[in-house]
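Student: here's a sequence, model it:
(chains A and B)
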Amino acid sequence: MALLKTHRRHFGLRVSARGVLVAGALSLFAANLAFGYVGESFLFIPGTTGDWPGTKYKNWIKVDGNYWPKGRAIGLGGTGGFRHPDQFSGPVSPRQGAGTLVIAIDKNSRVLPELMEKCLSKTSMAELTYSESSDRARTTFEIGARPAVIPEYYEYKLKDAQFSDCPLVPDAPQQAIVVSFKDIERLNYQLKDDGIEAKFDPPALRPAPPGRTTKSFVLTWIAPAQDVSDDQCPALNSKPTELDYYRYMSPQAAEQERAELASKGGVNYENGQMGLRGPGKLNVTMAPGVVPDPGNAEPQTTFARGLDLDGNDGTGKPPAGICKHKNYVSADGRTGIDNQLYRVEGCIGSFQGHKGFIMQFANNQMHDGLQSILLQITGIDNATNDNSVDVALFYSLDPMAKSATGGQILPDYTFRVTDKPQYTHYFTRLHGRIVNGVLITDPVKQLRMNLGIYGTPVHLNMWHAGLRLELTKDGNIKGVLGGYQDWRVIASRYSSSAAEQVHNFQVPGLYNALKRAADGMKDPVTGQCDGISSAYDIEGIPAFIETAPSSAPERHDVARVDTRGQ
Amino acid sequence: MPIAQHGVHPRIAGAGLLTALLICSAAPGYGAPAGDEPVTAGGPATFRRLSEDQYRQSIADIFGTGIKIPGRFEPPLRDEGLLSIGDSLAVITPSGIEQYELRAREISAQVLAGVAKTTMIGCELGSPKTFDEPCARNYFAKYGRLLFRRPLGDDEVASVVNVARSATQQTGDFYKGLQFGLSRLLVSPNFLFRVETAEADPDSTASLRLDDFALATRLSFLLWDAPPDETLLDAAASGELRRKEGLNAQVDRLIDSPRFARGVRAFFSDMFAYDEFDGLTKDQSIFPKYTLQLSKDAEEQSLRTVVDLLVTNNGDYRDLLTTKKTFLNRTLGSLYKVPVHQAAFGGWMPYTFGSSDPHAGILTLAAFLMLDPTHEGRSSPTIRGKTVRELLLCQKIPPPPGNVDFKLVQDTHNLLYRTARDRLTAHRDNPACAGCHSITDPIGLAIENYDAIGQYRTQENDAVIDASGSFEHKPYKDVVALEKILHDSPATTNCVAKRLYEYGVGRPVVPAEKQWLEYLGEHFAADQYKFPALMRTVATSKAFRAISPDTLASN
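Tutor: So this is what the prediction gives:
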């Protein structure tokens, strides 16, 4: 998760002094880094029949990951200033001229031998066509949906191309191929590279039931439900070392570079240098599959918080659309808890729930006034048992109030629902029931939340999502939000050695762990699970909501899926 | 700012309640016609130190609102229930005069700085380096009148002109010279104190009367809490205030002005002891919602409620005890656990508590409920009852004996005595304590449904709070019912009338004014307890101007 040093006010963002200090101390991002692309893209070589069976790009070559080494820099912080997250950025590819594209091909691809032959023989290819998803090419800090004017896939002509390098790395799950070209032509995108304003849908809410009791809350905590005790992670994950950096260099090259870097404090994490530890200095934080999986420590426990998303406790054959996976038990004895993301991230220090500093930082920013997330339960007849209630999620730019010591968020404040499209886009209402004081919502096909510019993540996209919240005796709420996230979106969030350093993990390890752990949203074309079960801890205190948006008629296209992450 | 407490006057101690009851119990009856104003010899002239607010307002009125005023002000002095009376006893200490001098220099420098100074002096200078006596004379005459609230005498003008001349010669700058002269005026007792001078009253052999400028000052500080403006000073100079029609016209002008609200706020701030908000603290581990801002908001809410009822809507004073109409901002909405609307964000919105809401009247507003500087972690029914008796009913409660054991009362976690009622009942077993507690506690216990910062509660330590009691043999089930009883009590209206008069004249009433106070109460009733009308009655009365002949002897 990147921390940003920013001095600009952006739709309610205010950086507390503490936030500036933390961001300054960490300085995660220099101004000029691109992001890795995790997920399918497609290559067409005239005369070569590829392996993609899907309808779109049928028989093209499936590419599992890519990055543009000299692509357009996306300033996210440091001295580069803060870019608007409500933009849908354009391609990071060069607009014209010579360049390179690094692609990663699954070693099980039947087309790989032909590609390797072209590489080894340095075959010149007059023209290649390459296509990548515009949603996947965005940074994960952007919010909103793709405007209609932006194509679903950016398509390029790579002219006078050659596979200039294809280093062999035993045990790596993917093969890296460096595609060099003398010119590039964008076939279907001519807008400015910085992109245009993203599309924000107006709120699509089912009408709230009239009358009866309403209970409203402001969320004081929302973060992945990944609390661990020390004994559950006997070994935490750790960042790469200089040994990893020099692994694929020749002894002479390594010696020379060591000497050069000696006066500079060694290999630099913050500016991305440590990421260039792949063969031929390939960036393994952007193409994590081209080096062997270094492994990923997991929590040693059978307990986790979350929801039973698939109606199965892990025994027997998994249900349709589900990949076999470890199921957990909740603290109150419920089996079948699906939270594979906890399994992957639970032993990464920064991500450890209430202890994780990035979770604390994100929530502290909200406490300091970045934004307030509101939850409203309407239609309550009986707060202990009620078979029909609605739950809505809204946003406000009114700050939470803190006690004079700063240690407590104060209840009973009124919050005005914002009408800014960057937030109304995320308004949602779910239907549920209350059983013995616990609110349980029916799953919705897609639930999206704006967790703020420091959120984990900024834009949370969950499928088959629902809430399970206890209405506590002191009037608060406490529970979980559960659902599937696209694991490839999670993997692309941390495409830098700066992130590896701050959070103490390795991108290739995380990437492979996410891929292994993915347990839902099985793609009928690939047969792979694209979704990973996850859960968020939610805590809230009583609040009042001013002018909740009027209930719009239900829109059937709310089921239109945000294409990012698929 | 700490308050310097004045001891209980011997003539009040022990019999204070009885005396106050006698003064306040006159019951003229609603709507009874008021007779002619009884003759009164008045009381002594006063010599009142300007409060910090009055000082600041004076500078703002005379020189503009942009003048920064540095330094510390001396703490106020409350006597006989009012700061306005304490101002008559307050002095300026040596360190205090140093602060006034500092302020005088700083203010003068700002006033005579920049391009505005050339227009401010009101004359064309030959050279700014040389002394211009006619210009200096005009300048000091003009601003001296405003600062001293009367024209300067010839010798006073000459004295300050000499200071300015000498300073000009030494600095080579006429404006610097004027600064020195202006500083001289700003540290003069004639500015820092409201000096009242008396003259023979042609209509009375029994008393003297304030001279016209002293009367103008009394009127202005009563109705605006500010020095007299040029119009009022001109009226004083022309003798207009000696004529009934002229006096009425000026009083009506002041009451009709938007500045009248400030005067009303100042009076009630004094009467309700809102100066105690300065430095008020509560235990934030027990009351996390308490902040300094909350206390300021509570004070402002209360004053807005008062002004809205009494000035904007010209309502019945007694309805302060029963009104459900008030004002809220976002912070107070949280305290009262009610939603607020747009206007409350960064401002104030009018709000009416619902019929089923337990809030009604000022005794259920946070300002009254939290204003106990002696208890940071709990409410005190005794203090609250005492406050109601003393501030709203003008009934003096003697201080406790020096050897009282408060341990039982203070132990809020004692499972044998879960509520304040339980603890006080046990405490009252001591006969030395029972007398006063029987006067204060029933009132305070009615308010126990509101904690020390004004949050409503039904229980204390899991025990249901019993807020019932009786006042003057009339039972009530809670504070809202008690407020209705207080609403109808003559003591309530007689007290505010008495307090207003004392506030205006800057001294306690004297026994000879008993009949005049009854007249005032009758007038108040006849005016349907409208507060502006009460102000008008006091301001236009002969008593307001009367000075007892003792003054000259004692001075």
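Student: report the central residue of the chain.
Tutor: Picking chain A for this. With distances taken as C-alpha atoms, centre = their mean, A:Ile490 lies nearest the centre of chain A, 3.2 Å away.
Student: for that one, give me phi and psi.
Tutor: Here is the backbone geometry of A:Ile490 (degrees, to the nearest 10): phi -60, psi -40.
Student: excluding chain neighbours, give the residue nearest to it in space.
Tutor: Setting aside the residues directly before and after it, A:Ile490 is nearest to A:Leu514 in space (C-beta to C-beta, 6 or more residues apart in numbering or on different chains), at 5.9 Å. Quick note: C-beta positions are derived from backbone N, CA and C, even for glycine.
Student: go on, B:Arg389?
Tutor: B:Arg389 sits nearest to B:Gln395 (C-beta to C-beta, 6+ apart), 4.3 Å away.
Student: give me the pLDDT for the one you found.
Tutor: Note on B:Gln395: pLDDT of 94.
Student: relative to chain A, how far out is it?
Tutor: Between B:Gln395 and chain A the computed distance is 36 Å (C-beta to the nearest C-beta, to the nearest Å).
Student: does that residue touch B:Thr387 like I think?
Tutor: No: B:Gln395 lies out of contact with B:Thr387 (C-beta atoms under 8 Å); the separation is 10.9 Å.
Student: low-confidence bits of chain B, can you list those?
Tutor: Along chain B, segments meeting pLDDT under 70 span B:1-35, B:405, B:428-430, B:432, B:551-555.
Student: same thing but at 90, please
Tutor: Chain B contains residues with pLDDT under 90 at B:1-44, B:71-72, B:113-128, B:201-207, B:279, B:373-375, B:397-439, B:461-462, B:510-512, B:549-555.
Student: how about the residues of the stretch 301-450 of chain B by chain A?
Tutor: For the stretch 301-450 of chain B, the residues in contact with chain A (C-beta under 8 Å from any C-beta of the partner chain) are B:330-331, B:333-335, B:337-342, B:344-345.
Student: would you write a PyMOL line that selects the buried entries of those residues?
Tutor: A single PyMOL command selects the buried members of these (16 or more other C-beta atoms under 10 Å in any protein chain shown):
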select buried, chain B and resi 330+331+333+334+335+338+339+340+341+344+345
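Student: take the residues of the stretch 301-450 of chain B next to chain A and keep only those in helices.
Tutor: B:Arg330, B:Thr331, B:Gly333, B:Ser334, B:Leu335 (DSSP state H).
Student: might one say that the fourth one is in contact with A:Ala401?
Tutor: Meaning B:Ser334. Yes: B:Ser334 lies in contact with A:Ala401 (C-beta under 8 Å); the separation is 6.7 Å.
Student: where do the contact lists of the two overlap?
Tutor: Here B:Ser334 and A:Ala401 have A:Leu410, A:Tyr413 as joint contacts, going by C-beta atoms under 8 Å, 6 or more residues apart in numbering or on different chains.
Student: quick one: average pLDDT of stretch A:279-289?
Tutor: Mean pLDDT, stretch A:279-289: 95.
Student: buried residues in that stretch?
Tutor: Under 16+ other C-beta under 10 Å, the buried positions of stretch A:279-289 are A:Pro279, A:Gly280, A:Lys281, A:Leu282, A:Asn283, A:Val284, A:Thr285, A:Met286, A:Ala287, A:Pro288, A:Gly289.
Student: setting aside sequence neighbours, what's the nearest residue to the residue in the stretch 151-300 of chain B that chain A sits nearest to?
Tutor: The minimum distance from the stretch 151-300 of chain B to chain A, using C-beta to the nearest C-beta, falls at B:Pro288 (3.9 Å). Spatial nearest neighbour of B:Pro288, excluding adjacent residues (C-beta to C-beta, 6+ apart): A:Ser403 at 3.9 Å.
Student: so B:Asp79 sits against B:Asp270, correct?
Tutor: No: using C-beta under 8 Å, B:Asp79 is not in contact with B:Asp270; the gap is 11.4 Å.
Student: okay, these two: which has more neighbours?
Tutor: A direct count of neighbours by other C-beta atoms under 10 Å in any protein chain shown for B:Asp79 and B:Asp270 places B:Asp270 higher, at 24 against 20.
Student: contacts only, for B:Gly385.
Tutor: By C-beta under 8 Å, 6+ apart, B:Gly385 lies in contact with B:Ile439, B:Thr440, B:Asp441, B:Pro442, B:Ile443, B:Gly444, B:Leu445.
Student: next: A:Leu236.
Tutor: For A:Leu236, the contacting residues are A:Ala297, A:Cys347, A:Ile348, A:Gly349, A:Asn504, by C-beta under 8 Å, 6+ apart.
Student: of those residues, which is the nearest to B:Gly435?
Tutor: Nearest to B:Gly435, judged by C-beta to C-beta, of the contacts of A:Leu236 is A:Gly349 at 67.0 Å.
Student: so what's the residue count around the closest one?
Tutor: Close neighbours of A:Gly349, defined as other C-beta under 10 Å, add up to 18.
Student: what of B:Ala249?
Tutor: 14.
Student: which residues does it contact?
Tutor: For B:Ala249, the contact set (C-beta under 8 Å, 6+ apart) comprises B:Glu240.
Student: what strand or helix carries it?
Tutor: Counting by DSSP states H and E, the element that carries B:Ala249 is helix B:244-256.
Student: angle of the helix or strand just after that helix against helix B:244-256?
Tutor: Using DSSP H and E, the helix or strand that follows helix B:244-256 towards the C-terminus is helix B:260-271. For helix B:260-271 against helix B:244-256, the angle by axes from the mean of the first three to the mean of the last three C-alpha atoms, to 10 degrees is 80 degrees.
Student: enumerate the residues of chain A near chain B.
Tutor: The interface of chain A toward chain B, taken as C-beta under 8 Å from any C-beta, is made up of A:398, A:401, A:403-405, A:408, A:410-414, A:416, A:544-546.
Student: and those residues, which of them are buried?
Tutor: The neighbour-count criterion (16+ other C-beta under 10 Å) marks A:398, A:401, A:403-404, A:408, A:410-414, A:416, A:544-546 among those as buried.
Student: among those residues, which are located in helices?
Tutor: Among those, none falls in helices (DSSP H).
Student: and which of those residues is nearest B:Lys282?
Tutor: With C-beta to C-beta as the yardstick, the closest approach to B:Lys282 among these comes from A:Ala404, at 9.5 Å.
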